[in-house]
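**Student:** model this:
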Amino acid sequence: MSVVTGAAAGRWTVAGGLAVAVALLPGVVGRLPAGASSRDPAQVVAAARHSAGVPHQGLVEVVGALGLPDLPRLGDLAALLGGTTRARVWWRSPAAWRVDRVTPTGETDTYAIRGGTQTWDFELHRTRVVVEASPVRLPRLADLLPPQAARRLLAGVTPRDHLLPLPSRRVAGHAADGVRVVPHDPASTIGRVDLFVDRATGLPLSVLVAARGSGAVALRTTFVDLSTRRPGRAAVTWHSPPDAIVQTTVVPDLAAAVDVYAPFRLPDELAGSRRAPDPRSYGGTATYGVGLARFVVLPLTPDLGTSALQAARDAGSADLEVGSAAEAVAVTTPLLDAVLVRASSGAHGPVAGADRAYLLAGTVDVATLQAAARQLVTDPPPRAEQQ
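**Tutor:** Numbering: from 1, shown residues only. Below is the predicted model of the structure:
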């Protein structure tokens, strides 16, 4: 909100009371019978995949346990995936939505606008306009809400993955059908994805992602309050105060900047995994693999690679062997693995200005990322001007 008026303060007092009530409800409502489902797991998955147009509004709790180190230029990604976040969402359509990140001291509101997003930071009295020149970007809070998280995960499900039914339950007062997705690929770090979908609309209401092997829950996102009533247009339209600080950017994070400006042509195959086609990308980044075993490669500047390596080491990451004249570390979490590598020109032979650095990360094991990093070191991608 731009100005905390008496009415707004009253609204937040009411909201605070409702939040307490909502916190008490799942223990009661969750025990109410949801009734048997008439849909099989494939039908539940299909409904969730096609739910982007379902309007809704409500309160979501996202709990991450990934423990990512705070690496340079990754914004608040580590905080989002390593703690508890509460958010209010108003969703009219994929082109008209708003997500508020609610904290004890205020809120940060993000609105969909044509060609990007606009974020209002209540505490800083600042609005930030992001013109998304590249479709490649780091995850934001809106991506971690149950509908978006479910659709992104389910987009990677292949016929070889296993779909198992889960007993129906009530989520945020709605009857929900459950399905468990178990990845077929043994290289995937994902052990299972448990999904509950609103029986009436197909809207994903709860997503739980657990790690392979340990079964530890790495990410849980769920509605604790939900209405499928269509929000009014005013709820998803922001009018910036005349005295607000306005910032505009076209490369909001490291991933977007790399995709637009990275000077290398990444290979079509790494560590036995094919590059996924993405005609929307500028080509500076690349995603490899299929299904729920995929990883991304981001070329970094040598200076950024050095600082990222040091930050990872300071956080306790272990060194990794990827070839002579190169240094690398492995960052491991219950769900996401990453390898940071920096290779000096000596690792590439007589190639002028060949110092390289890369960030490789995804839902694959370290061995896969290590093999990919070694290939990048021993057979460096050509520069874009050499294409």
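
**Student:** Could you pull up the contacting residues of the residue nearest to S214 when sequence neighbours are not counted?
**Tutor:** For S214, ignoring the flanking residues on the chain, the nearest one in space by CB to CB, 6 or more residues apart in numbering is P334 at 6.6 Å. (Glycine included, C-beta is placed from N, CA and C.) Residues near P334 by CB atoms under 8 Å, 6 or more residues apart in numbering: 65-67, 189, 211, 214, 216, 218.

**Student:** Now with 7 Å, please.
**Tutor:** By CB atoms under 7 Å, 6 or more residues apart in numbering, the contact set of P334 is 65-66, 211, 214, 216, 218.

**Student:** farthest-separated two in those residues?
**Tutor:** The most widely separated members of those, counting by CB to CB, are L66 and S214 (13.1 Å).

**Student:** Show the residue spans covered by the helices in this structure.
**Tutor:** Along the chain, the stretches classed as helices by DSSP state H are 6-29, 41-49, 77-80, 146-155, 254-261, 302-314, 366-378.

**Student:** mean pLDDT for these: which is lowest?
**Tutor:** For the helices of the chain, the bottom mean pLDDT is recorded on helix 6-29, which sits at a mean of 34.

**Student:** And the residue positioned nearest the centre of the chain, what's its pLDDT?
**Tutor:** Closest to where the C-alpha atoms of the chain average out (CA atoms, centre = their mean) is P139, at 3.5 Å. For P139, the model assigns a pLDDT of 74.

**Student:** phi, psi of it?
**Tutor:** With angles defined as degrees, to the nearest 10, P139 shows backbone torsions of phi -60, psi 140.

**Student:** sorry, back to before: between L66 and S214, tell me which one has more neighbours.
**Tutor:** L66 (18 against 10; other CB atoms under 10 Å).

**Student:** Test my guess that that one contacts V217.
**Tutor:** No: using CB atoms under 7 Å, L66 makes no contact with V217, being 10.6 Å away.

**Student:** residue ranges with poor pLDDT in the chain?
**Tutor:** Low-confidence segments of the chain (pLDDT under 70): 1-37, 67-82, 133-137, 250-261, 279-283, 345-354, 385-387.

**Student:** ok, back up a step: distance of the residue nearest to S214 relative to V297?
**Tutor:** 22 Å (CB to CB, to the nearest Å).

**Student:** can you check T222 too?
**Tutor:** Look at T222 and V297: by CB to CB, they are 32 Å apart.

**Student:** Compare these two (neighbour count), which wins?
**Tutor:** With neighbours defined as other CB under 10 Å, T222 and V297 compare such that V297 has more, 27 against 21.

**Student:** Chain neighbours aside, what residue packs nearest to S51?
**Tutor:** G202 (4.6 Å).

**Student:** separation between that neighbour and A87?
**Tutor:** Distance check for G202 against A87: by CB to CB, it reads 21 Å.

**Student:** what does P204 give?
**Tutor:** Distance, P204 to A87, using CB to CB: 15 Å.

**Student:** T189 against V364, yeah?
**Tutor:** Yes: with contact defined as CB under 7 Å, T189 reaches V364; the gap is 6.5 Å.

**Student:** Give me the common contacts of those two.
**Tutor:** Residues touching both T189 and V364 by CB under 7 Å, 6+ apart: D337.

**Student:** related to what we said a few turns ago, could you list which residues are in contact with the residue nearest to S51?
**Tutor:** Contacts of G202 by CB under 7 Å, 6+ apart are 47-48, 50-51, 54.

**Student:** Please apply the same query to P242.
**Tutor:** For P242, the contact set (CB under 7 Å, 6+ apart) is empty.

**Student:** domains for this structure, by residue range?
**Tutor:** 6-249, 262-386 (automatic domain parsing).

**Student:** Name the residues linked to Y111 by a beta bridge.
**Tutor:** Counting by DSSP bridges, Y111 is bridged to R98, Q118.

**Student:** give me the number of residues near it?
**Tutor:** Neighbourhood size, Y111 [other CB under 10 Å]: 21.
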